[in-house]
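Enquirer: No letters, just coordinates:
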């Protein structure tokens, strides 16, 4: 019998060097999505000493089934595109710290310190924040307790476990309808519940789902029911205030995203949505600190835009390193 | 740990008695002579899951995953790294839920990745969602305190 260790054919970044906490890097990049990886590529090509610090790779891309709007790829899975990005970055032997979340970014004189939950810290002359966004939670009773027991945030990952089951999708935008499309392939019944009036998704998605799913707008989920497993959701019709119970084996929460700006919330200016404010050079309110991708105020959250912003942030960081403070003007 | 501990060989499935004090000294299987620990997770199937879950005296950490799941694949290197840190105090293994649907159903897996920590056949902790190396190690150590 063969020795059956698990081999991972995708693992392009396993042999990359680990960053040295004792070293002062030209550039530290926080994040592992398209913005961060593009920044790493551009920074490496400028021969900056740099390190990529991330909890995981791919971000939202890793949870996307098919991507049809990334130039050069008519259709590609999110996973494959992440792997392509990783392979490209790994060519430059960029040191990678993949362990836990950055807790805090501090500026001391002309240096930045990036502190992690584990106690590890790295120092850099510049930092690019490309930490992306994460799924917004409903924050209703039962949700937290039933994560992994029927409450899910990734239809691509978990839809196959709900074959012939009843599921609820919470949300009314493209993410909710894309999840519904995935679930309709396997589930016995799909119910969409949206707190707002009408549906905010692209019409093409709404049409694809409308005749196959039950659609309830102007309804709020007030509680997720169940102890060991999800058994249903309690919903409230907003006009009448009447509450009813929808039986369900699974609840997919697709109500948008929140920016991962916690490490810089005390350092840099954020907008009301918590996004990192950047100017057209990806500069933040702090000299030497740059932002790129979905975590920032840049409109239109798209992979191709994030990759471009990552490239721009790295070039701006390079310019800052070469020209110093004069290359930096804080955005209002 | 000074008493002998039972360690199941990943290669021949033989059950070895290893002195606790020698667990960190690269023990080999008495039957097939393969290393009992390699610093890599092992793949488990329905055929050998129970043997590893019940006959190892050390905890068994299982990553339930699937090839279609992006976060699972993104977590894979972190899990690999965790194996290097946690072995030989913990055995790390992976179950492909696409191929091992009966095992996934048996443990009520409805979200992946999900980590389950077993000790002597009993589930002692469960954690859904992708994690980094540090978080995996910290979670396992917290769950296995006092074993």
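Expert: Right, received. Where do you want to start? Computed from a prediction, not measured in an experiment: that's the story for all the values here.

Enquirer: Quick one: mean pLDDT for stretch B:80-93?
Expert: On average, the pLDDT along stretch B:80-93 is 95.

Enquirer: In chain B, which residue sits closest to chain A?
Expert: Proximity of chain B to chain A (Cβ to the nearest Cβ) peaks at residue B:128, 2.6 Å away. Glycine gets a C-beta too; all of them are placed from N, C-alpha and C.

Enquirer: near chain B, which residues of the stretch 201-332 of chain A?
Expert: Taking Cβ under 8 Å from any Cβ of the partner chain, the part of the stretch 201-332 of chain A that reaches chain B is made up of A:228-229, A:249-250.

Enquirer: Which of those are buried? Put it as a PyMOL command.
Expert: To isolate the buried members of those in PyMOL, using 16 or more other Cβ atoms under 10 Å in any protein chain shown:
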select buried, chain A and resi 249+250
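
Enquirer: Relative to residue A:261, which of the residues of the stretch 201-332 of chain A next to chain B is nearest.
Expert: Residue A:261 has its nearest neighbour among those in residue A:250, at 30.3 Å by Cβ to Cβ.

Enquirer: That closest one pairs with what?
Expert: residue A:167 (DSSP bridges).

Enquirer: any idea how far it is from residue A:188?
Expert: For residue A:250, the distance to residue A:188 (Cβ to Cβ, to the nearest Å) stands at 11 Å.

Enquirer: Next, count neighbours for the residue of chain B closest to chain A.
Expert: Number of residues near residue B:128 (other Cβ atoms under 10 Å in any protein chain shown) recorded here: 22.

Enquirer: what does residue A:115 give?
Expert: Counted with other Cβ under 10 Å, residues neighbouring residue A:115 total 15.

Enquirer: sec struct for it, please.
Expert: Of the three states, residue A:115 takes strand under DSSP: H, G, I helix; E, B strand; the rest coil.

Enquirer: which residues touch it?
Expert: A:102-106, A:121 (Cβ atoms under 8 Å, 6 or more residues apart in numbering or on different chains).

Enquirer: one step back: list residues touching both of residue A:250 and residue A:188?
Expert: A:165-166.

Enquirer: beta partners of the most centrally placed residue in chain B?
Expert: With distances taken as Cα atoms, centre = their mean, chain B has residue B:92 as the residue nearest its mean C-alpha position (2.5 Å). Legend: beta-bridge partners of residue B:92 under DSSP bridges are residue B:61.

Enquirer: Which helix in chain B has the most residues?
Expert: With secondary structure taken from DSSP state H, chain B has its longest helix at helix B:70-86.

Enquirer: Next, the contact list for residue A:195, please.
Expert: A:172, A:218-221, A:238.

Enquirer: Just the buried residues out of these, in PyMOL syntax.
Expert: Only the buried entries of the contacts of residue A:195 go into this PyMOL selection, using 16+ other Cβ under 10 Å:
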select buried, chain A and resi 172+219+220+221
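
Enquirer: In CSV, list the contacts of residue A:195 along with secondary structure and pLDDT.
Expert: Below are the contacts of residue A:195 laid out as CSV (DSSP: H, G, I helix; E, B strand; the rest coil; pLDDT from 0 to 100):
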residue, secondary structure, pLDDT
A:172, coil, 97
A:218, coil, 98
A:219, strand, 98
A:220, strand, 97
A:221, strand, 98
A:238, coil, 96
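
Enquirer: Return the member of the contacts of residue A:195 nearest to residue A:276.
Expert: Residue A:276 has its nearest neighbour among these in residue A:172, at 26.7 Å by Cβ to Cβ.

Enquirer: tally of neighbours for residue A:244?
Expert: 12.

Enquirer: Please enumerate the helices of chain A.
Expert: A:34-45, A:78-90, A:155-158, A:174-184, A:203-210, A:303-323.

Enquirer: Got the confidence number for the closest residue to residue A:312 other than its chain neighbours?
Expert: Leaving out its chain neighbours, the residue that sits closest to residue A:312 by Cβ to Cβ, 6 or more residues apart in numbering or on different chains is residue A:282, at 5.2 Å. On pLDDT, residue A:282 comes in at 98.

Enquirer: if I pick residue A:282, what's in contact with it?
Expert: A:128, A:290-292, A:296, A:309, A:312-313, A:316.

Enquirer: Go through those and give me the one with the most neighbours.
Expert: For the contacts of residue A:282, neighbours tallied by other Cβ under 10 Å; top is residue A:292, 36 neighbours.

Enquirer: Could you check how far it is from residue A:93?
Expert: Residue A:292 is 22 Å from residue A:93, by Cβ to Cβ.

Enquirer: same check, this time on residue A:51
Expert: Residue A:51 sits 11 Å away from residue A:93, going by Cβ to Cβ.

Enquirer: repeat for residue A:152
Expert: 37 Å.

Enquirer: same thing with residue A:249?
Expert: Shown here: residue A:249 relative to residue A:93, a distance of 47 Å by Cβ to Cβ.

Enquirer: Look at residue A:51 and residue A:93 and report which has more neighbours.
Expert: Between residue A:51 and residue A:93, counted using other Cβ under 10 Å, residue A:51 has the larger neighbour count: 26 against 11.

Enquirer: If that one is in a bridge, with which residues?
Expert: Beta-bridge pairing of residue A:51 under DSSP bridges involves residue A:28.

Enquirer: On the pLDDT front, check it for me.
Expert: With respect to pLDDT, residue A:51 scores 97.

Enquirer: contacting residues for it?
Expert: Per Cβ under 8 Å, 6+ apart, neighbours of residue A:51: A:19, A:25, A:27-29, A:94-97, A:122, A:124.

Enquirer: For residue B:112, which non-adjacent residue is spatially closest?
Expert: residue B:69 (5.0 Å).

Enquirer: my guess is the one you found contacts residue A:159, does it?
Expert: No. Using Cβ atoms under 8 Å, residue B:69 makes no contact with residue A:159, being 10.3 Å away.

Enquirer: low-confidence ranges in chain B?
Expert: B:1-2 (pLDDT under 70).

Enquirer: now the strands for it?
Expert: For chain B, the strands defined by DSSP state E cover B:4-8, B:15-19, B:42-43, B:60-65, B:91-96, B:114-119, B:122-128.

Enquirer: Contact partners for the residue in the stretch 201-332 of chain A that chain B sits nearest to?
Expert: Nearest to chain B, among the residues of the stretch 201-332 of chain A, is residue A:250, at 6.6 Å (Cβ to the nearest Cβ). By Cβ under 8 Å, 6+ apart, the residues touching residue A:250 are A:150-152, A:158, A:161-162, A:165-168, A:187, A:230, B:110.
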